[in-house]
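J.: Below is the sequence, then the predicted model.
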Amino acid sequence: MEDFKFIGKSVDRLDEREKVTGAAKYVDDIDFGPNLLYAEIVESPHPHALIKSIDTSEAEKMEGVVKVVTGKDFPYKFGLYMKDRYIFAQDRVNFVGEQVAAVVARDPRTAQKAAKLVKVEYELLPAIFDPIEALKEDAPLIHPDLENYPHVPWFYPQGGTNVAHLKKVRKGDIDKGFKEADFILEDDYRIPRYAHCCLETHIAVGLLDYSGRLTVWASSQSPYTQRNLFVDALAPLGFSHKDVRVIAPCVGGGFGGKAGVTMEIIAAALATAVKGHPVKVMWRRDQEFYNTYMRQQVVSKIKVGVKNDGTITAFEIMNYWDAGPYVEYGANVVNASALSATGPYRIPNVKIDSYCIYTNLPAAGPYRGFGYSEMLFSVESHMTRIAKAIGIDPVDLRRKNGIKEGDSLTYGVPMNPSGLLEAIDKVADEIEWEKKEESKDPNKAIGKGFAIFWKAPAMPPNVTTSAFIKFNEDGSLNVLVSGVELGQGYLTVMAQVAAEILTVPPEKIRVELPDTDRNPYHWQTVASHVTWASGNAVKRAALEMRDKIFALIHTVYHYDTSTLYLEDEKVKCKLHPSFELPLRDFVINGIETEDGTYRGGAIVGSGAFMPSFASAKQDPETGQGGHPNVHYTVGAAAVKIEVDKQTGKVRILKAVEALDAGKALNPRNVEHQIYGGLLQGFATALYEDMRFDENGKILNPNFTDYKIPTALDIPDEVVPIIIEVPQPDGPFGARGIGEHPMIPAAPLIANAVEDALGIRIKSMPITAEKIAMAIANGKKEVDDFLMIMKK
Amino acid sequence: MKKISFILNGEKRNAYVEANDLLVDVLREKVGMHSIKYACGRGDCGACTILLNGKGVRSCIILAIEADGQEILTLEGLSKDELSPVQESFIKHNSFQCGFCAPGMILSATELLEKNPNPTEEEVKEGISGNLCRCTGYTPIIDAILDVNKKDVDKK
């Protein structure tokens, strides 16, 4: 193992002081001056309707109102992977809360009052909230023009239906696989929608200045992608990328919800309508629930065949994703997760159909786990049931079939190096899997659950990232990158990478927050890929600087560059032990030679990274070919729970999670992702419970009625375990782990509840109420699904 | 508009407010205390926590005029000179990620330790249960608060 000075150390966070003193500036903390205007959105009260007329005259008359805009002012579409969404509704609305018009006023209260005066006349259309019903032939069509929408080449929209994309994967011979099986289990699972619940709601401030520059300050995971989509959506206004600037200061949580473009496009568009004035669009908490992205609802139909010895012979799954009325980002959740729908198993015969379906619930898209948190509920629940049915230990079933390096993935590419089996063993040991435990309290039952998981970054094959690094006079560094610090520790880890190469300690490094004018290109901070990709770019930039330093020393002192090395912020030479030159002595002003002239000059570095092996070229009927996923991060997890048999309340006594970080660049940050991600997952499993009325209106868009965990809800004990099987193309062997901790949480709970009570719950969330009712009614299987409240 | 006066972080401050102005808006927009965060608007999340006469309150559900003549502490007031032991402990334990809950969380922790310098783990959980954090899973926050207390014991 290479000996690192900064890599693999839990160095302190770069942003610690500003965050504990309140100095950290989020978008709403920036002072935009007295010329700032405020926008209020006029929203659709209907899930599906034609807009017959809009009367803005009363609102326009109100004192303090500067502008009222409607869809007529911006007849432009946008979308990341598929252009299916308008900035403001045009002739129809497709969900409750969709933006129909906006009032821009000098103060927020005037904007709110005026918005109520905008009169919109609607003609109601039948609406659809269930993905299976949306597939029926007589279902109302949400996008009659679907076949004409521009989209990435790897999407297959089914014109004339509500299917925005159908991803198929076929491997081996599925019929033969089921014939070879001694036991087959087939069942359905249901996963409802969830909300990200970042503490900071979405906010964007747009300004078109009098010179024609458009600047948007946004709480964003995706500053560069937003800039590109603003230019693209507002193409008729003729912006060049160089004149559009996106600034992302501190971001108060993301979890996928601030990826791509949602409400930020409204700020960009409104700015063009009120030139010279910054205009603020800030979502209230309820808007944060229904008009950004939600996590998608899934109906999962799964069929798995095994031999008596536990060998899996065939795996078939049909996942029906309710992506809402706009799937410009969400369709890629469906696509990416289809490629990996087996979970981390070695299976010769596979059939996967993954449907991205339009409905009239709010738009749904990326959420921590990007499809894997959703679909592994069904896969990992099912695998435990199968193991029990054929009399094999559920952990042994996973040991037997768990994917290993070199095994063929569903699309035919070999699996990357992986510590899955090590993770399984370590988790089983830590949770004492073999030990059966009983509660001393007769009203309580103890159960254990086990699950394995994986996830690959989901991204187009040519996603790229870059970095600039510059030295300062005192030998300190500024690193310029455009990844976003969402709390995961990105800034710190980038500093560690630069520190390791240049031997400048992280406390002498600043990593700057994104500003598309200053910091170089980075696609988006999504997919748990920034440690890997941006880390590689920073490493290359630092290596370029090191090469420049060595070349300069060679020019001045004629030492062979191969004999030079950096140590403790100095250049040293293996052949001349007495030679050492501190970096701060020359990295800006160069080195003086005998005749008084200087060599060198400011040392700067640049680096870029793009995987050259990735390809989305696949057979649309089989999903074979190409290399759509760059690598997988794997892991295993277990819980021990105690269930109150009278109330159904679940207490998590212990949770253990191991994941293979390749190389944990900052182990404490990895462990802290496990604490946070597991709790977020347990909440979706146990009590986060989104409800809509019969008209598709969300009923609980607040923290009183949509409960997210408090400090009182955490497990009694959490044991994070880091596995390190290096990723060959990762910086120092690292791969991403940010989303992964959440992924196994839901099946862990389902499996543990069955272990404790013998009750299999096949629909999330697994609330105390569901458990108590099942006990009271003597039910052994529960599939109640309550997301849409019937009258 | 009515003029109100209050002691903010040890200094006398005035503000002109409407009868229905919320304290969070006045403190953020008129007095410039941007450490206070607005996140839910109904007292659910604790991001806008301030200490009013030493007691933690949600400034998003309090009218500004109610602060007339009162004493207010925000995170800016804790950060003037050296960091407080709670802030130091939050750094030591990496107790935040995105940082949006940190100002309210630190003030709630400060209030808790003021009233109960030696809390148990359950008392710490209870004490911060009105402050939501979506990132950390709370463990590093609880560890930090328990550690402030432990350091005091060590010193003695």
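T.: Yep, it's here.
J.: Kindly list the longest helix within chain B.
T.: Ordering each helix of chain B by length in residues (DSSP state H) puts helix B:139-155 first.
J.: can you map out the helices along chain B?
T.: With DSSP H as the criterion, chain B has helices spanning B:23-25, B:75-78, B:85-92, B:102-115, B:121-127, B:139-155.
J.: Quick one: low-confidence residue ranges for chain B.
T.: Across chain B, residues meeting the criterion (pLDDT under 70) sit at B:151-156.
J.: Domain-wise, how is it divided?
T.: Here chain B is described, according to automatic domain parsing, as comprising the domains B:2-77, B:85-155.
J.: who touches residue 128 in this structure?
T.: You didn't pick a chain, so chain A it is. A:48, A:134, A:139-140, A:142, A:162, A:359-360 (Cβ atoms under 8 Å, 6 or more residues apart in numbering or on different chains). (Each C-beta comes from the backbone N, C-alpha and C, glycine too.)
J.: wait, I meant chain B there
T.: Counting by Cβ under 8 Å, 6+ apart, B:Ile128 has contacts A:710-711, B:105, B:108-109, B:112, B:138, B:141-142, B:145.
J.: coming back round to it: not counting its own residues, what contacts the longest helix of chain B?
T.: Residues outside helix B:139-155 that contact it (Cβ under 8 Å, 6+ apart) are A:672, A:675, A:711, A:714, A:718, B:85-86, B:89-90, B:92-96, B:105, B:109, B:112-113, B:117-119, B:121, B:124-125, B:127-128, B:133.
J.: How much space separates A:Asp175 from chain B?
T.: Separation of A:Asp175 from chain B (Cβ to the nearest Cβ, to the nearest Å): 45 Å.
J.: Name the residues of the helix or strand that contains that residue that are buried.
T.: With secondary structure defined by DSSP states H and E, A:Asp175 is part of helix A:174-180. Of the residues in helix A:174-180, those buried under the neighbour-count criterion (16 or more other Cβ atoms under 10 Å in any protein chain shown) are A:174, A:177-178, A:180.
J.: who does the helix or strand just after that helix touch, helix- and strand-wise?
T.: Per DSSP H and E, the first helix or strand lying C-terminal to helix A:174-180 is strand A:183-191. Based on contacts counted as 3 or more Cβ pairs under 8 Å, 6 or more residues apart in numbering or on different chains; DSSP states H and E, the elements that strand A:183-191 packs against are strand A:297-306, helix A:372-389.
J.: Mind listing what's buried along the helix or strand just after strand A:183-191?
T.: Reading on from strand A:183-191 to the C-terminus, the next helix or strand found by DSSP H and E is strand A:203-208. Judged by neighbour count using 16+ other Cβ under 10 Å, the buried positions of strand A:203-208 are A:203-208.
J.: and chain A, what are its domains?
T.: Per the record, chain A has its domains at A:16-23+A:464-609, A:32-125+A:202-282, A:297-459+A:616-782, by automatic domain parsing.
J.: What's the end-to-end length of the second one?
T.: Between the opening and closing residues of domain A:32-125+A:202-282 lies a distance of 14 Å (Cα to Cα, to the nearest Å).
J.: Likewise for stretch A:746-765?
T.: Separation of the first and last residues of stretch A:746-765 by Cα to Cα is 8 Å.
J.: do that stretch and chain B meet?
T.: No - legend: contact between stretch A:746-765 and chain B by Cβ under 8 Å from any Cβ of the partner chain is lacking; minimum distance shown is 14.9 Å.
J.: what distance separates that stretch from the middle of the whole chain?
T.: Its chain's C-alpha centre and that of stretch A:746-765 lie 26 Å apart, by Cα atoms, centre = their mean, to the nearest Å.
J.: Run through who's touching stretch B:23-40.
T.: Outside stretch B:23-40, the residues that reach it (Cβ under 8 Å, 6+ apart) are A:21-23, A:25-26, A:28-29, A:199-201, A:252, A:285, A:702-703, B:8, B:13, B:15-17, B:45, B:47-50, B:59-60, B:62-64, B:66-67, B:72, B:74-76, B:79, B:100-101, B:103-104.
J.: would you turn the contacts of B:Ile128 into CSV with neighbour count and distance to A:Pro620?
T.: Converted to CSV, the contacts of B:Ile128 look like this (neighbours: other Cβ atoms under 10 Å in any protein chain shown; distance: Cβ to Cβ, whole Å):
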residue, neighbour count, distance to A:Pro620
A:Thr710, 19, 47
A:Ala711, 27, 49
B:Met105, 31, 50
B:Ser108, 24, 54
B:Ala109, 28, 55
B:Leu112, 21, 59
B:Tyr138, 26, 46
B:Ile141, 29, 49
B:Ile142, 23, 51
B:Ile145, 28, 55
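J.: wouldn't A:Pro505 be in contact with A:Phe6 here?
T.: Yes - here A:Pro505 lies in contact with A:Phe6, judged by Cβ atoms under 8 Å, at a distance of 7.1 Å.
J.: Looking at those two, which one has more neighbours?
T.: Between A:Pro505 and A:Phe6, counting by other Cβ atoms under 10 Å in any protein chain shown, A:Phe6 is the more crowded of the two (22 against 17).
J.: Could I get the phi/psi values of the more buried one?
T.: The phi and psi torsions at A:Phe6 (degrees, to the nearest 10) take the values phi -120, psi -30.
J.: One more: A:Ala23?
T.: As for A:Ala23, its main-chain torsions (degrees, to the nearest 10) stand at phi -70, psi -20.
J.: follow-up on the earlier one: gap between the longest helix of chain B and the chain center?
T.: Using Cα atoms, centre = their mean, we find the averaged C-alpha position of helix B:139-155 to lie 18 Å away from the chain's own average C-alpha position.
J.: and that helix, C-alpha only, in CSV?
T.: Listed next in CSV are the C-alpha coordinates belonging to helix B:139-155 (Å, rounded to 0.1, in the frame of the first residue of the first chain):
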residue,chain,number,x,y,z
THR,B,139,-24.9,11.2,15.4
PRO,B,140,-22.0,13.7,14.9
ILE,B,141,-24.1,16.5,16.4
ILE,B,142,-25.0,14.5,19.4
ASP,B,143,-21.4,13.5,19.9
ALA,B,144,-20.3,17.1,19.7
ILE,B,145,-22.8,18.3,22.3
LEU,B,146,-21.9,15.4,24.7
ASP,B,147,-18.2,16.2,24.2
VAL,B,148,-18.6,19.9,25.3
ASN,B,149,-19.8,18.6,28.6
LYS,B,150,-17.0,16.0,28.8
LYS,B,151,-14.3,18.6,28.2
ASP,B,152,-15.7,20.6,31.2
VAL,B,153,-15.4,17.5,33.4
ASP,B,154,-11.8,16.9,32.2
LYS,B,155,-10.8,20.5,33.0
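J.: tell me the angle it makes with helix B:102-115.
T.: With axes from the mean of the first three to the mean of the last three Cα atoms, to 10 degrees as the basis, helix B:139-155 and helix B:102-115 are set at 40 degrees to each other.
J.: Give me the angle between helix B:139-155 and helix B:85-92.
T.: 120 degrees.
J.: okay, and for the stretch 351-500 of chain A, where does confidence drop off?
T.: Going by pLDDT under 70, which is the cut-off in play, the stretch 351-500 of chain A has no low-confidence ranges.
J.: Any residues of it in contact with chain B? List them.
T.: If contact is defined as Cβ under 8 Å from any Cβ, the residues of the stretch 351-500 of chain A in contact with chain B are A:486-489.
J.: Cheers, nothing more for now.
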